[in-house]
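**Q** Structure of the sequence below:
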Amino acid sequence: MQLKDKKILVVGLAKTGVACARFLASKGAMVTVTDMRSETALETQLAELSSFGITHELERHDEATFLASDLIVVSPGVPMDLPQLVAAQRAGVEIISEIELAGRFIDAPVVAITGTNGKTTTTTLLGAIFKHNGYHTFIGGNIGNPLIEVAESKQIVDQVVAEISSFQLEWITSFRPTVAALLNLSEDHLDRYPDYQAYIDAKLRLFENQTEDDFAVVNRDDELVWHHSRNLKASVFPFSRKMELEEGIFYKDGVITYRHNGHEECFPTAAIRLQGVHNLENIMAAAASALLLGCRPDETFETILCFESLHHRMEFVREANGVRYYEDSKATNVGSVEKALESFTDITLIAGGKDKGGSYAPLAALVKERVHHLILIGEAAGRMELELGGLTDTRRAATLEEAVRISAEITATGGTVLMSPACSSFDMFRDYEERAQRFIAAVKAL
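**A** Now for the predicted structure:
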């Protein structure tokens, strides 16, 4: 891909946009960056780019600049229906995402992991497995470092493990992972997409450039995932915690079994530190991806045994008066909360936050069966109460701290208090990490 002397516009100056602008400028492109924020707000980002001779268009998006570009690189946070992008697309300007740009310059095998939930845990675990097997491994994408940094780096990279969001897949044309994993599908980001199917279609683009020489690691237990896996060009390699598979990886009677081309490996799960039914799925997806790409079974299993839960995903906080408190602030959608509820009984659930537009009805059966008390906070509390409030004892709290105090008063000894919001955090907190820290502080203050 020739970049020298090309007029290239980078849209959005978050971490990904900065990395793209730096890479493109280093290749001799004439780079312009555009962002709706002010120079003051972007002071740090602009300082990073100050030595590259990059043109800035801030607090506006000039359509003329979009139309005059040879190539436009779009950051993940920028919606596809931005009028200037629509105009450029109609005019025939090539528009790509950061992962598409990176993919054209990466020589190493790429494992790309997507799904509504579990992406970060699976990506981090798989990266650790590759490293323990002796590979020079890059871990990034939607977490940590942008994928373009692989192309920018002068270091040797044997394996690339990338968490990939639906937003990143919107502008791909040739991005082709050697292994593509789809962990699950449930309603999410309906504030970005016109409907659920549009979100699903964006996720499925992960597979569109694969061939029969590549692998698609997919969740056999997720009906939507399995339905959409039937026409893939890649070799489909399923994982399941509910059924035995002749070809694939599955959990049964305390053992994970991997079967591929007549070869079998077995891993007992009793000593694994990563708990929860959702993590069984994450472990199987990571192990399958690693073993398909030549990792040794012993080193793979050693890594799995030692791997700890990531922060803010089903994280144990403390036990007080016989009640165990868990913080699950990364559970920002219904599918993630379903997996959390499957992991406990006798639950006091603290939920709510900024509504993302999906239905809460999929939680109904688990709430009725396992949630003894439901405490709702934030903007979504009213709608959640309408959909779930009649199924169990339901209360409202004005703050997260008040919700914790109520939970301590009403949860019986032996019960579990679980903060698993099913919503984003932006109505009350800076982000899900601040929400997590506030919950942890409130629990420790009991």
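**Q** residue ranges for the helices of the stretch 251-400 of the chain, please.
**A** Applying DSSP state H, counting those that start in this stretch to the stretch 251-400 of the chain gives helices spanning 277-292, 297-306, 334-342, 364-370, 381-388, 400-410.
**Q** Identify, out of these, the most deeply packed stretch.
**A** helix 277-292 (a mean of 26; mean count of other CB atoms under 10 Å). The way it works is simple: take the backbone N, C-alpha and C, and place the C-beta from them, glycine included.
**Q** Confidence-wise, which of the helices of the stretch 251-400 of the chain is weakest overall?
**A** Note on the helices of the stretch 251-400 of the chain: helix 334-342 shows the lowest mean pLDDT, a mean of 88.
**Q** mind checking which of the helices of the stretch 251-400 of the chain is nearest Thr173?
**A** Proximity to Thr173, assessed across the helices of the stretch 251-400 of the chain by CB to CB, is greatest for helix 277-292 (24.0 Å).
**Q** mind checking how far that closest one is from the chain centre?
**A** Taking the mean of its C-alpha atoms, helix 277-292 sits 15 Å from the chain's own mean (CA atoms, centre = their mean, to the nearest Å).
**Q** and the angle for it with helix 297-306?
**A** 160 degrees (axes from the mean of the first three to the mean of the last three CA atoms, to 10 degrees).
**Q** what's the weakest-modelled helix or strand in the chain?
**A** When the helices and strands of the chain are compared on mean pLDDT, DSSP states H and E, helix 334-342 comes out lowest with a mean of 88.
**Q** For the helices of the stretch 251-400 of the chain, give me TSV that also has distance to Thr55.
**A** Shown next, in TSV, are the helices of the stretch 251-400 of the chain (distance: least, CB to CB, whole Å):
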stretch	distance to Thr55
helix 277-292	41
helix 297-306	46
helix 334-342	41
helix 364-370	53
helix 381-388	45
helix 400-410	44
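**Q** Of those, give the one that comes closest to Ile200.
**A** helix 334-342 (12.3 Å).
**Q** Which strands and helices lie in contact with that closest one?
**A** For helix 334-342, the packing partners by 3 or more CB pairs under 8 Å, 6 or more residues apart in numbering; DSSP states H and E come out as helix 277-292, strand 347-351, helix 364-370.
**Q** Glu100: which of the ones you listed is closest?
**A** Using CB to CB, the nearest of these to Glu100 is helix 277-292, at 21.4 Å.
**Q** Now the closest one - C-alpha only, CSV.
**A** Presented in CSV, the C-alpha positions along helix 277-292 are these (Å, rounded to 0.1, in the frame of the first residue of the first chain):
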residue,chain,number,x,y,z
VAL,A,277,-19.7,-20.2,33.6
HIS,A,278,-18.9,-17.3,31.2
ASN,A,279,-15.2,-17.9,31.9
LEU,A,280,-15.4,-21.5,31.0
GLU,A,281,-16.4,-20.3,27.5
ASN,A,282,-13.6,-17.7,27.4
ILE,A,283,-11.1,-20.3,28.4
MET,A,284,-12.2,-22.7,25.7
ALA,A,285,-12.1,-20.1,23.0
ALA,A,286,-8.6,-19.0,24.1
ALA,A,287,-7.3,-22.6,24.4
ALA,A,288,-8.8,-23.5,21.0
SER,A,289,-7.2,-20.5,19.3
ALA,A,290,-3.8,-21.3,20.8
LEU,A,291,-3.8,-25.0,20.1
LEU,A,292,-5.0,-24.5,16.5
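**Q** Who are the contact partners of Gly414?
**A** 322-323, 346 (CB atoms under 8 Å, 6 or more residues apart in numbering).
**Q** nearest to Gly103, of those?
**A** Of all the contacts of Gly414, the one with the least separation from Gly103 (CB to CB) is Asp346, at 47.4 Å.
**Q** Would you mind measuring the gap between the ends of stretch 407-419?
**A** 10 Å (CA to CA, to the nearest Å).
**Q** Equivalent analysis for stretch 212-230, please.
**A** Stretch 212-230: ends 13 Å apart by CA to CA.
**Q** Could you list the low-confidence segments of this protein?
**A** 189, 309-312 (pLDDT under 70).
**Q** Can you tell me the centre-most residue of it?
**A** Lys119 (4.2 Å; CA atoms, centre = their mean).
**Q** now that one: how far from Asn184?
**A** Using CB to CB, to the nearest Å, one gets 10 Å for the distance from Lys119 to Asn184.
**Q** one step back: show the contacting residues for the residue nearest to the centre of the chain.
**A** 113, 142-143, 163-165, 183.
**Q** Out of those, grab the one that's most surrounded.
**A** Among the contacts of Lys119, the one with the most neighbours (other CB atoms under 10 Å) is Ile113, at 32 neighbours.
**Q** Wait, that one touches Asn282, no?
**A** No - using CB atoms under 8 Å as the test, Ile113 is too far from Asn282 to be in contact (9.3 Å).
**Q** Quickly list what's touching both of those two.
**A** 122, 183.
**Q** My read is that Glu100 contacts Trp171, right?
**A** Yes - using CB under 8 Å, Glu100 makes contact with Trp171 at a distance of 6.2 Å.
**Q** got the domain boundaries for the chain?
**A** 7-92, 102-306, 315-444 (automatic domain parsing).
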